[in-house]
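1. need a structure here:
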Amino acid sequence: MSRIGRLPVAIPKGVKVSVAGSTVVAEGPKGKLVREFAPGVAVVVENEGARVERKDDSKQGNAYHGLYRKLLANMVTGVSNGFTKSLLINGVGYRAEVKGKSLILSLGYSIPIEYVFGDDIGITVDQGTKIVVTGADREKVGQVSAEIRKLRLPEPYKGKGIRYDNETVRRKVGKSGVK
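-> The predicted structure follows:
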């Protein structure tokens, strides 16, 4: 049995989880998330929590058990608290600003880069060099953060570029022997 899958998911006050067939809907103060679950698992909503149960003991069913339990937990956490990821911009003249639903980035290229994001994602910029991505869906927050980081990856010699807040860039020594 899956060690993660057998744990119940606590549903906090203000969050409503409903199941219709294989579709699970979680609603809360931060929004509404809908996910289609695999036919090998079933979600049972009780008074204070929810459980994910396997329909058979196959290897695939065991893998789905833990996966969908964690996806359900992420849905409940997302609609109650939300998820955030922070990115730091490092480099002379590198900066960012938000205009409406687009993020304008000056990253040393000849023209600024405009990154357009959806209504379910919130992006704020602190002091022009710290980007904070927030949202209810953990996957979308991570995907948007990865796409922004990919616009100018951190380079190993001077450390310039966009990196995650908790990421450390391994620095290399430059050319040796040059006078």
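2. what's the span of stretch 117-137 from first residue to last?
-> One end of stretch 117-137 to the other measures 14 Å (C-alpha to C-alpha, to the nearest Å).
3. what residues sit buried inside it?
-> Neighbour counts over stretch 117-137 (16 or more other C-beta atoms under 10 Å) mark Phe117, Ile121, Gly122, Ile123, Val125, Ile131, Val133, Thr134, Gly135, Ala136, Asp137 as buried. Yep, even glycine has a C-beta here, placed from its N, CA and C like the rest.
4. domains for the protein, by residue range?
-> Following the assignment in automatic domain parsing, the chain carries domains at 9-80, 83-164.
5. now Thr77: phi and psi?
-> Backbone torsions of Thr77, given as degrees, to the nearest 10, read phi -60, psi -40.
6. returning to that earlier point: would a markdown table of the domains of the chain with distance to Lys172 and mean pLDDT be doable?
-> Output for the domains of the chain, formatted as a markdown table (distance: least, C-beta to C-beta, whole Å; pLDDT from 0 to 100):
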| stretch | distance to Lys172 | mean pLDDT |
| --- | --- | --- |
| domain 9-80 | 37 | 91 |
| domain 83-164 | 4 | 95 |
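7. let me have these in TSV, extended by distance to Arg171.
-> TSV is the format used below for those (distance: least, C-beta to C-beta, whole Å):
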stretch	distance to Arg171
domain 9-80	34
domain 83-164	6
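8. which of the ones you listed sits closest to Val173?
-> Nearest to Val173, of all those, is domain 83-164, at 8.4 Å by C-beta to C-beta.
9. ends of the closest one, what's the gap?
-> 14 Å.
10. begin at 451 from here
-> In the new count, where the first residue is 451, that last one comes out as domain 533-614.
11. cheers, nothing more for now.
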